[in-house]
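>>> I'll drop the sequence and a predicted model, then ask my questions.
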Amino acid sequence: MADNDQVSRGFRLLDCQEASKHHFERAANRLKMKRRLRDWILKPFREISVHLPVVMDDGEIHLFQGYRVQHNNTRGPYKGGLRYHPEVSHDDVRGLASWMTWKTALLGLPLGGAKGGITCNPKAMSEAELERLTRKYTQAISMDIGPSQDIPAPDVNTNEKVMAWMMDEYSKLRGYAPAVVTGKPIDLGGSPGRLDATGRGVAIIIEQWAADNNVPIENGTAVIQGFGNVGYHTAYHLNRAGCRVVGVSDTGACVYNSKGLPVEELIKHKQETGSVKSFPGAETMAPAEVFGLQCDFLVPAALENAIKGDNFEQIKARAIFEAANGPVCPLVEPGLTEMGITIVPDILANSGGVVVSYFEWVQNLQQFSWTAETIDMELKNKMINAYRQVVEKATAEQVSLRLAAYMLAIDKVAWASLVRGAY
Ligand code: NAD
């Protein structure tokens, strides 16, 4: 969602596609990957762009633009979220789709990568309008998604209700198929643990990093930018682990209390008032001030390019855990490293969502339900295993966690591509 001409204190902002390519090329250089192989695995396999006429509540027809970018299915069916946002662009969806390919590969899931988006303002639309839009979009891409083709999931401004509409519309057209989407309501084939999976995964990685770096989680402090699905559930699980969540922001405000914020009361306040603003017992400040707050763990959980030229020097955290996709502008990363701040990359830190989506898909295919305890144990195993691999690679190669994660992921996709063959 970056305006390409936008400059943030001398640092250009990269859109998701540019950011993804930036990280990919650095890893491919290090892997000494040939240009033809790079092009083969970096370029999306298929791109779908659709125009969706939707009757609005006032009877007028509005034309929406939607995308589904199927980046790579070498290791399994395409997998990735669906985003509703006024600034969704084709290039962003391309970049987000490629991040899904690297994420599923890094976590060792038998899936590829995809992403969808519709340029719309869901906050200005009624639920009935959103349902009609979702059904139109599903109709438009119904021939290209499916349990063994491409499996969408929730992302920014989409949720289990949107997934239920998609599943219903697809099933009307192609026969009952709960495995066509993940992140569904439990009673419609959803999985225990999917709703909070991304935040739970971020908390698992933070706890592991804290243990490795002698920062006891019980005495640790966290600051979270973005208080939606991922931000809230990260805060909730960190709090349960004994960590103090001292600062939280959304688009309306940033709230701060050095003694720690009561996370569950804060979400109730947001649900009732629409924002964390004016939460009793906390200091309210401007949203941008979130990045200047002192903490051990900084968790950007909103959108891409949150940390950029005009704010990275304010950061007073030991480590940044990328709960959002692409929240650190790649051009300020060297500066953060010089400041001694570790960055735990998105393709590792926020992969809990796709891991439990994978479990949901498996349960749908098996027509068998797992318990919440099994889900949590399997999630933890997968995330800690990936974390260990990334840390070992980074240590062995003397590179950042991001470069190590990309090297591992890209190598797996390249290997699978070569073994399957191009013809
Ligand atoms: P969401 O729509 O539930 O929440 C987004 C939150 O960010 C909202 O609270 C919004 O107010 C806040 N926000 C937006 N701009 C902000 C700003 N400038 N300052 C402060 N807050 C701001 O979305 P989500 O599902 O929580 O996704 C958040 C991020 O996590 C996205 O980058 C998404 O791609 C990524 N992600 C989500 C999942 C998932 O399972 N939902 C999985 C992996 C990654």
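Happy to help now that I have it.
>>> can you tell me how far the residue of the stretch 101-250 of the chain at minimum distance from the ligand sits from Asn157?
Nearest residue of the stretch 101-250 of the chain to the ligand, counting by C-beta to the nearest ligand atom: Gly228, 1.7 Å away. Just so you know, the C-beta spots here come from the backbone N, C-alpha and C atoms, and that holds for glycine as well. In this view, Gly228 and Asn157 are 8 Å apart by C-beta to C-beta, to the nearest Å.
>>> which residues touch stretch 390-400?
30, 106, 212, 333, 337, 343, 348, 401, 403-405, 407-408 (C-beta atoms under 8 Å, 6 or more residues apart in numbering).
>>> now do stretch 23-35
With C-beta under 8 Å, 6+ apart as the test, stretch 23-35 has contacts from 38, 42, 98, 102, 330, 397, 399, 402-403, 406-407, 410-411, 414.
>>> residues in this protein within reach of the ligand, list them.
154-157, 198, 225-231, 249-251, 287, 301-303, 323-325, 350, 353 (C-beta under 6 Å from any ligand atom).
>>> Report the buried members of the residues you listed.
Buried members of these, counted by 16 or more other C-beta atoms under 10 Å: 154-157, 198, 225-231, 249-250, 287, 301-303, 323-325, 350, 353.
>>> Which of the three states applies to the residue of the chain most remote from its centre?
Relative to the centre of the chain, the most outlying C-alpha is that of Gly59, 35.2 Å out, by C-alpha atoms, centre = their mean. With DSSP: H, G, I helix; E, B strand; the rest coil as the basis, Gly59 sits in coil.
>>> Ile61 bridge partners, please.
Beta bridges link Ile61 to Val55 when assigned by DSSP bridges.
>>> Test my guess that it contacts Glu129.
No: the criterion here is C-beta atoms under 8 Å, and Ile61 misses it with Glu129 at 11.5 Å.
>>> what comes up buried for the longest helix along the chain?
Counting residues, the longest helix found in the chain (DSSP state H) is helix 372-397. For helix 372-397, the neighbour count (16+ other C-beta under 10 Å) marks 375-376, 378-380, 382-383, 386-387, 389-391, 393-394 as buried.
>>> do the same with stretch 14-27
Under the neighbour-count criterion of 16+ other C-beta under 10 Å, stretch 14-27 has 14-21, 23-24, 26-27 buried.
>>> Specify which member of those residues is nearest to the ligand.
Cys16 (9.5 Å).
>>> List the contacts of the closest one.
Applying C-beta under 8 Å, 6+ apart, one finds that Cys16 lies in contact with 1-2, 91-96, 99, 304, 325-326.
>>> how about a cut-off of 10 Å?
Going by C-beta atoms under 10 Å, 6 or more residues apart in numbering, Cys16 touches 1-2, 89, 91-99, 115, 303-305, 325-326.
>>> Distance from the chain centre to the longest helix of the chain, please.
Distance of helix 372-397 from its chain centroid, counting by C-alpha atoms, centre = their mean, to the nearest Å, is 17 Å.
>>> Let me see the mean pLDDT of the following helix or strand past it.
Counting by DSSP states H and E, the element after helix 372-397 in chain order, helix or strand, is helix 401-420. The average pLDDT for helix 401-420 rounds to 97.
>>> Return the angle between stretch directions for helix 401-420 and helix 372-397.
100 degrees (axes from the mean of the first three to the mean of the last three C-alpha atoms, to 10 degrees).
>>> What are the phi and psi values at Thr119?
phi -80, psi 100 (degrees, to the nearest 10).
>>> Go ahead and confirm it touches His85.
Yes: using C-beta atoms under 10 Å, Thr119 is in contact with His85, at 7.4 Å.
>>> Please name the nearest non-neighbouring residue to Leu82.
Closest residue in space to Leu82, ignoring its immediate chain neighbours: Gly116 at 4.0 Å, by C-beta to C-beta, 6 or more residues apart in numbering.
>>> elements contacting the helix or strand that neighbour falls within?
Element membership of Gly116, judged by DSSP H and E, is strand 113-119. Identification of packing neighbours for strand 113-119 by 3 or more C-beta pairs under 10 Å, 6 or more residues apart in numbering; DSSP states H and E yields strand 46-55, strand 61-72, strand 78-85, helix 90-106, helix 127-141, strand 150-154.
>>> Can you list the strands that that strand pairs with?
With DSSP bridges as the test, strand 113-119 pairs up with strand 61-72 (antiparallel), strand 78-85 (parallel).
>>> Could you look over the ones you listed and pick the most buried one?
Compared across the strands paired with strand 113-119, strand 78-85 shows the largest average neighbour count, a mean of 27 (mean count of other C-beta atoms under 10 Å).
>>> any idea of the mean pLDDT for that one?
For strand 78-85, mean pLDDT is 98.
>>> Strands of the stretch 101-250 of the chain, residue ranges please.
Along the stretch 101-250 of the chain, counting by DSSP state E, counting those that start in this stretch, strands occupy 113-119, 150-154, 221-225, 244-249.
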